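Peer 1: sequence unavailable; structure follows:
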Ligand SMILES: NC(=O)C1=CN([C@@H]2O[C@H](COP(=O)(O)OP(=O)(O)OC[C@H]3O[C@@H](n4cnc5c(N)ncnc54)[C@H](O)[C@@H]3O)[C@@H](O)[C@H]2O)C=CC1
Ligand SMILES: O=C1C[C@@](O)(C(=O)O)C[C@@H](O)[C@@H]1O
């Protein structure tokens, strides 16, 4: 037997997340620290539940002894009303991807924002954040926009097929970052903004295995642009490939994926993870790891071969 004070039971609630690499990242790092830690995907599609059931799932998890959950699409906003406490940054972003269960209470955090920020520093060292055009203003996009402004972006153009969503995000961000220009622009007008931008970000699902393509015409890119993608399955999206071929500085979605996992692991356990080791493990899981670490022998066979996953994330 082990109580919730002696071991960790963690879940990921979201749709289409069965192939997520976040559970094996957490479990392998916990093994390295000698922690008893199980991390299960709770895939809404598999169990036939809607996103609105996230509150019921959290309460069931609490009653069954879970320590924490990661939360993903489509629940990052839906979960807000079920929290007892929320970290100020997550409140500002209005999206939560990590819920700690402490003394029966649900406490929400956003490690997508902190994870993107750390990944940006590692993957694009020394670039001018300056003027950015960002495609997508949903759950990931809200966190990334916040990160870019806190990194010093002076102009941020949000482009979303859901024009009202982009406009709402832009006005919230503009109110909190009065020294920056934050505006929603249409896809047509994005063309002229990309020409004048330092960097371009994809925070849409376009480029995922099941959603191929690029969110804008990559012919608009110049080698001087930096380009960031949040997608990590695949790591090499058509946008990342085109930008690399052109000679742009490129940040793939793996940096954010590792960053959010590192920060969530630290929150859940109170133990500082080895972020470089987690990144090497992540690269191994994606089949990119020429400098990969060995996955602990305790990891089940299925976790040692996550190459070319076809899942949502
Ligand atoms: N690397 C990481 O750690 C993370 C990666 N992600 C990835 O980010 C992507 C987006 O996820 P979420 O933000 O949760 O989804 P979401 O559904 O909340 O937001 C996506 C947004 O993109 C917009 N959109 C879709 N196609 C577009 C297009 N062609 N042009 C402009 N806007 C478009 C949608 O209207 C929506 O507002 C997914 O691929 C997900 O896997 C998400 C979270 C963390
Ligand atoms: O949205 C994402 C991606 C994720 O769901 C994954 O499967 O890796 C894990 C979440 O913590 C994060 O916020």
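Peer 2: Right, received. Where do you want to start? This structure is a prediction, so every number in the text was calculated from the model and none was measured. Ligands and ions are numbered 1, 2, ... in the order given.
Peer 1: ok, and the closest non-adjacent residue to residue 238?
Peer 2: Spatial nearest neighbour of residue 238, excluding adjacent residues (Cβ to Cβ, 6 or more residues apart in numbering): residue 214 at 5.1 Å. In short, each C-beta sits where N, CA and C put it, glycine included.
Peer 1: now do the same contact list for that neighbour.
Peer 2: By Cβ atoms under 8 Å, 6 or more residues apart in numbering, the residues touching residue 214 are 202, 206-207, 237-239, 242.
Peer 1: so residue 245 versus residue 203, what's the distance?
Peer 2: Residue 245 sits 22 Å away from residue 203, going by Cβ to Cβ, to the nearest Å.
Peer 1: more neighbours: these two, which one.
Peer 2: residue 203 (29 against 11; other Cβ atoms under 10 Å).
Peer 1: ok, now which ones touch the more buried one?
Peer 2: Contact analysis of residue 203 by Cβ under 8 Å, 6+ apart lists 134-138, 140-141, 144-145, 230.
Peer 1: 10 Å - rerun?
Peer 2: Neighbouring residues of residue 203 by Cβ atoms under 10 Å, 6 or more residues apart in numbering: 112, 116, 134-145, 158-160, 215, 228-231, 253, 256.
Peer 1: got it, and residue 146?
Peer 2: Shown in contact with residue 146 (Cβ under 10 Å, 6+ apart): 89-90, 92-95, 110, 112-114, 116-117, 169, 172-173, 176-177.
Peer 1: counting neighbours, what do you get for the nearest residue to residue 151 once chain neighbours are set aside?
Peer 2: The shortest distance from residue 151 to any non-neighbouring residue, by Cβ to Cβ, 6+ apart, is to residue 129 (4.9 Å). By other Cβ under 10 Å, 20 other residues sit near residue 129.
Peer 1: just to revisit the earlier point, what about ligand 1: which of the contacts of residue 203 touch it?
Peer 2: Subset of the contacts of residue 203 in contact with ligand 1: 112, 135-141, 159-160, 215, 230-231, 253, 256, counting by Cβ under 6 Å from any ligand atom.
Peer 1: list just the nearest of those residues to ligand 1.
Peer 2: Nearest to ligand 1 among the ones next to ligand 1 among the contacts of residue 203 is residue 138, at 1.9 Å by Cβ to the nearest ligand atom.
Peer 1: what are the boundaries of the helices in the protein?
Peer 2: Counting by DSSP state H, the chain has helices at residues 22-32, 44-47, 54-63, 88-93, 111-123, 139-150, 163-176, 187-196, 238-246, 254-269, 275-285.
Peer 1: show me the residues around the most centrally placed residue in the chain that make contact.
Peer 2: Centroid-nearest residue in the chain: residue 112, 4.4 Å away (criterion: Cα atoms, centre = their mean). By Cβ under 10 Å, 6+ apart, the residues touching residue 112 are 70, 72, 76, 90, 93, 95-98, 139-144, 146-147, 203, 230, 256-257, 259-260, 263-264.
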